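**Student:** the sequence isn't on hand, but the structure is:
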């Protein structure tokens, strides 16, 4: 089990939420790899908390699709197959294309400012896991701008699995091509500029190309 991620928690927020955030970050960064065991008692001891918030956190992470339980109730980090990721990607593309089309028709100056702020933060970070989080946040914001409640609900259910896929993708591409920051920032700049035209089909077409960018697969 990853030692750095599972050091004692200093309580500043909801304890269960803090455990969820800590375990989620360890999974997304790869510190806790696929199949890693997550025993309640050991995890609780490492985090310096009782077993109750750990149990609640594991249930929440199962809901997010990052953790699974065996028939005996033992938790571990979920392993994803290629088929799993293809399903995630197809849904991601459909939802994001819909979101971009709606966002372009509803965009305000404040919406643009929020996208610009995320892009500015991403341009400054050197940590690839944090960069992946901001990449996901950029696409989250487009869903928010779409102002479609049921779309937001479906996206929220899938989001953690999308972020996991994106983090792994970024690490793989960075090892091979060393251009994740440049390529992603350029793509997001183009997306903001296209949304700002307020042309829904133009935004939808660009988003579909972005989601199916072969070099990122």
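**Tutor:** Yep, that arrived. What you see is a predicted model, and the numbers here were worked out from it, not measured in a lab. Residues are numbered from 1 along each chain as shown.

**Student:** isn't residue 146 up against residue 107?
**Tutor:** No - Residue 146 lies out of contact with residue 107 (C-beta atoms under 8 Å); the separation is 9.7 Å. (C-beta placed from N, C-alpha, C; glycine too.)

**Student:** where in this structure is pLDDT low?
**Tutor:** 1-6, 9-13, 213-217 (pLDDT under 70).

**Student:** what helix or strand is the residue nearest the centre of it on?
**Tutor:** Geometric centre of the chain, nearest residue: residue 163, 2.4 Å, by C-alpha atoms, centre = their mean. Here residue 163, judged by DSSP states H and E, is contained in helix 149-177.

**Student:** contacting residues for the closest residue to residue 161 other than its chain neighbours?
**Tutor:** Nearest non-adjacent residue to residue 161, counting by C-beta to C-beta, 6 or more residues apart in numbering: residue 65, 4.6 Å away. Residue 65 makes contacts with 78, 158, 160-161, as judged by C-beta atoms under 8 Å, 6 or more residues apart in numbering.

**Student:** residue 174 is in contact with residue 182, isn't it?
**Tutor:** No - at 10.8 Å, residue 174 does not count as touching residue 182 under the criterion of C-beta under 8 Å.

**Student:** so the closest residue to residue 106 other than its chain neighbours versus residue 119, what's the distance?
**Tutor:** Spatial nearest neighbour of residue 106, chain neighbours left out: residue 147 (5.4 Å); criterion: C-beta to C-beta, 6+ apart. Computed as C-beta to C-beta, to the nearest Å, the residue 147 to residue 119 distance reads 21 Å.

**Student:** most remote residue from the middle of this protein, which is it?
**Tutor:** Distance-from-mean max, the chain, by C-alpha atoms, centre = their mean: residue 72 at 29.2 Å.

**Student:** any idea which element it lies in?
**Tutor:** Judged by DSSP H and E, residue 72 forms part of no helix or strand.

**Student:** all numbers from here: first residue = 56
**Tutor:** With the count now opening at 56, the last piece we talked about shows up as residue 127.

**Student:** phi, psi for it please.
**Tutor:** The phi/psi pair for residue 127 (degrees, to the nearest 10) reads phi -90, psi 10.

**Student:** how close does residue 85 get to residue 91?
**Tutor:** Counting by C-beta to C-beta, the gap from residue 85 to residue 91 is 10 Å.

**Student:** check residue 163 too.
**Tutor:** 43 Å.

**Student:** list the contacts of residue 179.
**Tutor:** No contacts exist for residue 179 under C-beta under 8 Å, 6+ apart.

**Student:** helices or strands next to the helix or strand hosting residue 190 in the packing?
**Tutor:** Element membership of residue 190, judged by DSSP H and E, is helix 183-201. In terms of contacts (3 or more C-beta pairs under 8 Å, 6 or more residues apart in numbering; DSSP states H and E), helix 183-201 is packed against helix 70-84, helix 137-161, helix 164-179, helix 204-232, helix 235-250.
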